[in-house]
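*Asks:* For reference, the sequence and a predicted model appear below.
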Amino acid sequence: MGRTSLIRFAVVAGVLLLAWWLRSITVPLMAAWLLSLVLLPLRNRLAPHTGRGLATALSLALALCLPPLLLVPSVLLDGEALASGLGDTAALARDIQGRLQELAVRFDLESLEIAREDIEGPLREVPALLARGARFVGGFVGILSSLLLIPVYTFFLLQGSPWLPRIRAELPPSWHARFDRIAPRIQEILRVFCVSRLLVAAGKGAIYFALLLLAGLPGAWTLALLGGGLSLLPVLGPLIAFAGLAVVAFASQGPAGLAWATGIYAVAEIVEGYVLLPRLVGQRLALSDFAVILSVLAGGALFGMFGLLLAVPAVAVGRVLYDEYLRPHMTSEAAGA
């Protein structure tokens with residue numbers, strides 16, 4: 001490796017390291033860039049009729065207004081049913097608490113002597129628990145600040161697009177040919193992936209909605225919206241959706257409702273993992289069903305939630321880099337042999 005290549009590698013490594021250190025800024029910037037890729041075709045269609053700035057504002061406003069609009073049916077259709085179900089849940093919790101108090105009195109649990117170490121042990125954990133709580137609050141505040149940054153970043157990214165020619169102009173001329181082959185393909189892969197993930201979320205929400213109507217559970221629209229929307233957040237999102245579904249189902253139908261909730265969750269996860277993701281994401285990225293499933297499993301095993309989210313686009317981008325760098329080298333070696 002020559003001196004020039006080493007310098008370039010050091011610069012790229014330094015940029016990546018700086019991006020990691022500043023991830024509270026770079027992560028929402030990356031999310032905004034992906035969102036801008038999704039909104040860019042709409043902005044380009046509107047720009048000839050409304051002007052560049054207004055088209056950017058309208059595209060971003062549509063993206064920001066769509067989630068609140070989807071919540072309107074929840075208020076109109078499901079508000080009363082969900083409120084009643086939560087009230088029933090609260091009443092059930094109070095009933096359980098009352099029975100526990102009765103048991104405490106009956107068995108005279110308050111008169112039992114508790115060993116000193118049984119008290120001191122949990123007390124020692126209080127500072128650690130408070131520290132974890134502080135970190136959780138700090139992380140939550142960080143998430144909120146990131147959510148506020150994303151629309152701002154998205155507006156300026158849309159307004160300044162296309163960015164690839166500007167990046168190309170800053171590169172050495174010897175890199176231009178390879179940049180022209182790689183960068184547009186990677187950008188298109190990421191755009192297609194984002195659109196496909198939104199389609200998967202919509203499909204999963206539709207499955208939730210149909211099964212909830214079949215089960216006769218209240219709040220079908222709201223719970224389907226929760227199940228579909230939170231599927232964009234790997235692992236944790238579906239678990240939160242299941243928790244909400246389980247609470248409403250148990251309050252509405254008792255143990256039978258809880259069984260329905262478990263079945264609905266299982267069916268939705270299976271269909272998403274083995275039907276929606278391979279068909280809507282894998283085929284659009286020209287990946288086989290087996291490659292998509294294996295990528296998701298490997299990404300989750302290696303990098304947890306982050307790996308689950310980025311496994312498929314990472315494999316697609318890796319294939320582009322393989323075609324550009326490794327395949328020609330292997331072909332030339334085979335021809336030389």
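*Replies:* Yes, it's here.
*Asks:* How far off centre is the host helix or strand of L34?
*Replies:* Using DSSP states H and E, L34 sits in helix 23-50. Centroid separation for helix 23-50 versus its chain: 17 Å, with Cα atoms, centre = their mean, to the nearest Å.
*Asks:* helices or strands up against that helix?
*Replies:* helix 52-73, helix 126-160, helix 176-215 (3 or more Cβ pairs under 8 Å, 6 or more residues apart in numbering; DSSP states H and E). Every residue, glycine included, has its C-beta placed from N, CA and C.
*Asks:* now those helices as TSV including mean neighbour count and distance to M30?
*Replies:* Formatted as TSV, these follow (neighbours: other Cβ atoms under 10 Å; distance: least, Cβ to Cβ, whole Å):
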stretch	mean neighbour count	distance to M30
helix 52-73	14	16
helix 126-160	13	9
helix 176-215	17	10
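*Asks:* For L236, which of those is the nearest?
*Replies:* helix 126-160 (12.0 Å; Cβ to Cβ).
*Asks:* Residues contacting the next helix or strand after the closest one, please?
*Replies:* For helix 126-160, the following helix or strand on the C-terminal side (DSSP H and E) is helix 164-169. For helix 164-169, contacts defined as Cβ atoms under 8 Å, 6 or more residues apart in numbering pick out G160, H176, F179, D180, A183, P184, Q187.
*Asks:* The second one: what's its closest spatial neighbour, skipping adjacent residues?
*Replies:* If I follow you right, that is H176. R168 (6.2 Å; Cβ to Cβ, 6 or more residues apart in numbering).
*Asks:* which residues touch H49?
*Replies:* A55.
*Asks:* do that again at 6 Å, thanks
*Replies:* Applying Cβ atoms under 6 Å, 6 or more residues apart in numbering to H49 gives no contacts.
*Asks:* Against A55, how distant is it?
*Replies:* Distance, H49 to A55, by Cβ to Cβ, to the nearest Å: 8 Å.
*Asks:* do the same with R185
*Replies:* 26 Å.
*Asks:* before we move on, what about I189?
*Replies:* 25 Å.
*Asks:* what do you get for V281?
*Replies:* For V281, the distance to A55 (Cβ to Cβ) stands at 29 Å.
*Asks:* swap in L37?
*Replies:* 16 Å.
*Asks:* Could you export the contacts of helix 164-169 to JSON lines, including columns for pLDDT?
*Replies:* Converted to JSON lines, the contacts of helix 164-169 look like this (pLDDT from 0 to 100):
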{"residue": "G160", "pLDDT": "86"}
{"residue": "H176", "pLDDT": "89"}
{"residue": "F179", "pLDDT": "87"}
{"residue": "D180", "pLDDT": "89"}
{"residue": "A183", "pLDDT": "87"}
{"residue": "P184", "pLDDT": "88"}
{"residue": "Q187", "pLDDT": "87"}
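*Asks:* out of the residues you listed, who's nearest P151?
*Replies:* For the contacts of helix 164-169, the nearest to P151 is G160 (15.1 Å; Cβ to Cβ).
*Asks:* So for that closest one, what's the nearest residue that isn't a sequence neighbour?
*Replies:* G160 sits nearest to R166 (Cβ to Cβ, 6+ apart), 7.9 Å away.
*Asks:* Over to L171?
*Replies:* F179 (5.9 Å).
*Asks:* Where does the prediction get shaky in this protein?
*Replies:* 1-2, 4-5, 8, 77-146, 234-235, 289, 303-309, 329, 332-337 (pLDDT under 70).
*Asks:* Nearest the geometric middle of it, what residue?
*Replies:* Among the residues of the chain, the one closest to the centroid is L233, at 2.7 Å (Cα atoms, centre = their mean).
*Asks:* Could you pull up the contacting residues of it?
*Replies:* Residues near L233 by Cβ under 6 Å, 6+ apart: none.
*Asks:* F242 too?
*Replies:* Y265.
*Asks:* Can you say which helix or strand has it in it?
*Replies:* Assigned by DSSP H and E, F242 falls in helix 236-253.
*Asks:* Give the buried residues for that helix.
*Replies:* 237-238, 241-242, 244-253 (16 or more other Cβ atoms under 10 Å).
*Asks:* The helix or strand containing G318 - contacts with which helices or strands?
*Replies:* Taking DSSP H and E as the definition, G318 sits inside helix 289-321. For helix 289-321, the elements it packs on are helix 176-215, judged by 3 or more Cβ pairs under 6 Å, 6 or more residues apart in numbering; DSSP states H and E.
*Asks:* packing partners for the following helix or strand past the helix it packs on?
*Replies:* As assigned by DSSP H and E, the chain's next helix or strand after helix 176-215 is helix 220-229. When contacts are defined as 3+ Cβ pairs under 6 Å, 6+ apart, helix 220-229 packs onto helix 176-215, helix 236-253.
*Asks:* So what touches helix 220-229?
*Replies:* 70, 73-74, 77-78, 201, 204-205, 208-209, 212-213, 241, 244-245.
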